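Asks: give me coordinates for this.
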Amino acid sequence: MITRLEATRYRCFERLGVDVGEFRVLVGANGSGKTTLLDLPGLLGDLLDAKYVIDAFVPRRRKSSERKARASSLRELVFAGRGDDFSFAIEAKLPEAVQSRLVEGMFQRLSKAQRQKTQSALDIDKKRWPSHIRYELGLRVSEDRELHVVQEYLFVFPENFKPSRTEPGYQGVRVGERGSKGWRMILQREFGQTAEFTPEVPPPGARTRSTKVGIGNTLLAMPRMLFESEHEFPASRWLHSLLTTETVFLNPDWEEMRFACPPGQPKTITSDGRNAPWLALELMREGAPQDAGADYRSERYADWVAHVQTALPQVMDVEVREREDDHHAYFVVSYKGDFQVPSPGLSDGTLRILTLTLLPYLSKQPAILVTEEPENGIHPRAIEAVLQSLSSMYDSQVWVSSHSPVVLARAKLNQLLCARLANEGGVEMVAGTDHPRLQEWRGGIDLGSLFAAGVLG
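Replies: Numbering: from 1, shown residues only. Model prediction:
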């Protein structure tokens, strides 16, 4: 789970540092950085996937990519267009299985006497285990219009000894002096120098040995972990997978979703949402016995249809059909009055409700799902059902942006992140619990107060 995001001198953020949790609602005026913040996990995933770091930002090397370019020129990436450098950092809590493997690796580095002493200390206080991982990346716009990697650090640390939130600069340079507090360097790289990799878990019967590798300035070093032993780099490979394969920026293409969806789709929701009919069909057939008829429906599918009906009371049923001629799947919604409407005739709002309410019922969900303004095209009385669905994805981190006072009123104060324009022209992100004008707020919809506080505009 991602626990913190940082960005320095990137776009509208002169210095961003925000702790995040399982469910967050971002609110603020247009142009206040909500999309930029939501995009950070996906951006880091694209950087790790790209051949050259520039490919994640500008279109000249993105001819085969379906995703929209993030900038038309590299200067747009630097805060206020001044200077050449910008950087990112991300922290994530490691799964317990990965934490245990790191602890085993710590023991392998110690003598027998040291092992017993360390084992006793760690058994007493698990918060001294290496429980989190931090990746730091610094980039620079070069004179020849290239994008260079100037710093890259990857290290693990215990929950009790988190990196400083006030010290400027890269925390990776301080790993050596924090070794006694459980910080362990995995990847260290500085501009013009080789990248140094240190196994998290030494090979059986071997001592820990660092490997130095020369890597071009326009390439990241972290993707090289994929070519290393999974036994030696469990935390690194987990973070790489989290960002590259388990993060979805859900931005459905409603026009495309009106067309029947071809077979062979992924088993988790895609960013364009087009595979929603196939996911619903799989949910409908979940647990079906071999002799089940075509009208079989799983209990969870029936629960989903009932949830849709709380948002759309006029709906009698939701079916998913597969065309016999080409095996494409599509929705058919039955309404009161005994008439049916297939996907091509459904409104954007109805398609949005079907897609967003479906997510928590799926057996396989993305680890991180972000989406913008889920309330668009939805009647205020139906928004609550959608928000309830998104906040019920217990196996996922879900972050949404919104301009809706209804969404704001339904969110808890500790789930809010408020974007506001700073005096210097940048953007600040303030936790709902720290916002000076929301201290006495208790979830009521008071538009005047919300706008006066700068929460919605």
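
Asks: low-confidence ranges, the protein, go.
Replies: 59-67, 107-127, 179-180, 205-208, 437, 439-457 (pLDDT under 70).

Asks: can you list the domain ranges for it.
Replies: Annotated domains of the chain cover 2-247, 253-365 [automatic domain parsing].

Asks: as JSON lines, these with distance to residue 388 and mean neighbour count would be great.
Replies: For every residue, glycine as well, the C-beta is placed using N, CA and C. Shown next, in JSON lines, are the domains of the chain (distance: least, CB to CB, whole Å; neighbours: other CB atoms under 10 Å):
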{"stretch": "domain 2-247", "distance to residue 388": "11", "mean neighbour count": "17"}
{"stretch": "domain 253-365", "distance to residue 388": "8", "mean neighbour count": "16"}
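
Asks: need those in CSV (columns: distance to residue 424).
Replies: Listed next are those as CSV, based on distance: least, CB to CB, whole Å:
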stretch, distance to residue 424
domain 2-247, 7
domain 253-365, 34
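
Asks: residue 397: which of these is closest?
Replies: Closest to residue 397 of the domains of the chain is domain 2-247 (CB to CB; 5.4 Å).

Asks: now the end-to-end length of that closest one.
Replies: Domain 2-247 stretches 11 Å from its first residue to its last (CA to CA, to the nearest Å).

Asks: a helix runs through residue 140, doesn't it?
Replies: No. Assessed with DSSP: H, G, I helix; E, B strand; the rest coil, residue 140 is strand; it does not lie in a helix.

Asks: was I right about it contacting residue 84?
Replies: Yes. Judged on CB atoms under 8 Å, residue 140 makes contact with residue 84 at a distance of 5.1 Å.

Asks: centroid residue for the protein?
Replies: The structure's the chain has its C-alpha centroid closest to residue 368; by CA atoms, centre = their mean the separation is 3.8 Å.

Asks: quick check: phi and psi on that residue?
Replies: Backbone torsions of residue 368, given as degrees, to the nearest 10, read phi -130, psi 130.

Asks: OK, contacts around it?
Replies: Neighbour list for residue 368: 2, 41, 242, 246, 247, 248, 396, 397, 399 [criterion: CB atoms under 8 Å, 6 or more residues apart in numbering].

Asks: now those as JSON lines including distance to residue 336 and secondary structure?
Replies: Listed next are those as JSON lines, based on distance: CB to CB, whole Å; DSSP: H, G, I helix; E, B strand; the rest coil:
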{"residue": "2", "distance to residue 336": "43", "secondary structure": "strand"}
{"residue": "41", "distance to residue 336": "42", "secondary structure": "helix"}
{"residue": "242", "distance to residue 336": "44", "secondary structure": "helix"}
{"residue": "246", "distance to residue 336": "40", "secondary structure": "coil"}
{"residue": "247", "distance to residue 336": "40", "secondary structure": "strand"}
{"residue": "248", "distance to residue 336": "34", "secondary structure": "strand"}
{"residue": "396", "distance to residue 336": "34", "secondary structure": "coil"}
{"residue": "397", "distance to residue 336": "38", "secondary structure": "strand"}
{"residue": "399", "distance to residue 336": "36", "secondary structure": "strand"}
